[in-house]
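Visitor: return atomic coordinates for the entry below.
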Amino acid sequence: RLPSARGRARSVMLFMIASLAALGGFLFGYDLGLIAGALLYMEPDLRLTEASEEVIVGMAKLGAVFGTFVGGALMQEHGRRKAIAWNSGFFLLGPFIMAVGDDAATVSLGRFVVGMGVGASAVVVPAYVAEMAPKERRGSVVTVYELMVCLGMITSGLVDWGLRGVEHSWRWMVAMPMFPAVLMLAGSAALPESPRWLVIRGRLRDALDVIHTLREGSGVDRDGQDVSTAAVEAELMELWSAVEKERAQVGEPDGEPEAGAAADASAAADAPARKSATRGGGIHGRGMLAVWIRMFR
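Guide: This next block holds a predicted model:
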């Protein structure tokens, strides 16, 4: 019974991680794709000129450029969960500004905020789900994000077509992303922080707890005693070693673990060695490069 219960808990956690990836990718694709159909109905309602239409379309790409840097800075300084919460805020605020806008300037501002969400999503969400998913499922979970980008673009076109006869249809078109953004915000609150970020901050005990929850389906503490498995401790040690190696490569000082955390790392040092759980530590930089290519190709 116990292995079955743990298996179900792991499956639920993996499903939540994949769902977060799906929401992030869907919002990315939907917010980029919706404007083509919405402009057809904005033009007579807001008396748009050709120049103002170009500005509205381009502001999302400009926002995405800034969003990549903002998203990267937020997740490095405040953690992946808070960065995803901010990302959800961009996807909530941007569509709201657009939906209530009565002129091209307001709609352009909303598009810029939406672009911030797009840029931040391309960096933060793949990094978070890659750090949370088990390595044997990591590729497939990140692929969910990419697939949902395409599905979001397709869905935006279908929604634009479905709302074509509704009064002020373009306002509903641009407001639709607010609903999945609320789910994404709730998901960021329900999921734990990335163990990699916790290791970077020297919070090894918290990282051990998160890894144990992800891999074993429950926390570390049992009546005040640590009962983490050797495999979990080995993964923590690999993660800590990878972070310290990256620090050495860029010339950063070693992290200062919290009290008692060094004992966790020492205990894990005797566990079997495996490939680094964080191979490809430049995922954040590659994410920024990817969104630039996608925006301007």
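
Visitor: please make it C-alpha for all contacts and neighbour counts, starting now.
Guide: OK.

Visitor: residue 18 against residue 144, yeah?
Guide: Yes: counting by Cα atoms under 8 Å, residue 144 is a contact partner of residue 18 at 6.9 Å.

Visitor: now do the SS call for residue 134.
Guide: Secondary structure, DSSP: H, G, I helix; E, B strand; the rest coil: residue 134 is coil.

Visitor: check which helix or strand covers the residue lying closest to it once chain neighbours are set aside.
Guide: Distances taken as Cα to Cα, 6 or more residues apart in numbering place residue 215 nearest to residue 134, at 7.4 Å, with adjacent residues excluded. Assigned by DSSP states H and E, residue 215 falls within helix 204-216.

Visitor: and that helix, what does it pack against?
Guide: Using 3 or more Cα pairs under 8 Å, 6 or more residues apart in numbering; DSSP states H and E as the contact criterion, the elements in contact with helix 204-216 are helix 2-46, helix 195-200, helix 230-250, helix 261-268.

Visitor: can I get those in JSON lines including mean pLDDT and distance to residue 158?
Guide: Listed next are those as JSON lines, based on pLDDT from 0 to 100; distance: least, Cα to Cα, whole Å:
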{"stretch": "helix 2-46", "mean pLDDT": "83", "distance to residue 158": "9"}
{"stretch": "helix 195-200", "mean pLDDT": "90", "distance to residue 158": "39"}
{"stretch": "helix 230-250", "mean pLDDT": "81", "distance to residue 158": "43"}
{"stretch": "helix 261-268", "mean pLDDT": "45", "distance to residue 158": "52"}
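
Visitor: select, out of the ones you listed, the one closest to residue 64.
Guide: Smallest distance to residue 64 across the helices and strands packed on helix 204-216 (Cα to Cα): 10.2 Å, for helix 2-46.

Visitor: the closest one to helix 204-216, inter-axis angle?
Guide: On the basis of axes from the mean of the first three to the mean of the last three Cα atoms, to 10 degrees, helix 2-46 is oriented at 100 degrees to helix 204-216.

Visitor: show me what helix 2-46 is packed up against.
Guide: Using 3+ Cα pairs under 8 Å, 6+ apart, helix 2-46 is in contact with helix 50-78, helix 104-132, helix 138-162, helix 169-175, helix 178-190, helix 204-216.

Visitor: how close does residue 135 get to residue 209?
Guide: 18 Å (Cα to Cα, to the nearest Å).

Visitor: for the two, indicate the residue with more neighbours.
Guide: residue 209 (21 against 15; other Cα atoms under 10 Å).

Visitor: per-residue pLDDT, the more buried one?
Guide: Residue 209 carries a pLDDT value of 86.

Visitor: distance of it from residue 141?
Guide: Residue 209 is 22 Å from residue 141, by Cα to Cα.

Visitor: equivalent analysis for residue 246, please.
Guide: Residue 246 is 24 Å from residue 141, by Cα to Cα.

Visitor: of all the helices and strands packed on helix 204-216, which one is nearest residue 108?
Guide: Nearest to residue 108, of all the helices and strands packed on helix 204-216, is helix 2-46, at 11.3 Å by Cα to Cα.

Visitor: residue ranges with poor pLDDT in the chain?
Guide: Low-confidence segments of the chain, defined by pLDDT under 70: 1-7, 217-228, 251-297.

Visitor: go ahead and flag the most central residue of it.
Guide: residue 125 (1.7 Å; Cα atoms, centre = their mean).

Visitor: list the contacts of it.
Guide: 20-21, 24, 84 (Cα atoms under 8 Å, 6 or more residues apart in numbering).

Visitor: out of the residues you listed, which is most surrounded?
Guide: Highest neighbour count within the contacts of residue 125: residue 24, with 32 neighbours (other Cα under 10 Å).

Visitor: isn't that residue up against residue 183?
Guide: No: the pair residue 24 / residue 183 is not scored as a contact, 10.1 Å apart, by Cα under 8 Å.

Visitor: how close does residue 27 get to residue 214?
Guide: From residue 27 over to residue 214 (counting by Cα to Cα), the distance is 26 Å.

Visitor: and what of residue 169?
Guide: 43 Å.

Visitor: more neighbours: which of the two?
Guide: Using other Cα under 10 Å, the more surrounded residue of residue 169 and residue 214 is residue 214, with 24 against 19.

Visitor: for that one, which non-adjacent residue is closest in space?
Guide: Nearest residue to residue 214, sequence neighbours excluded (Cα to Cα, 6+ apart): residue 10, at 6.1 Å.

Visitor: I appreciate the help and will end here.
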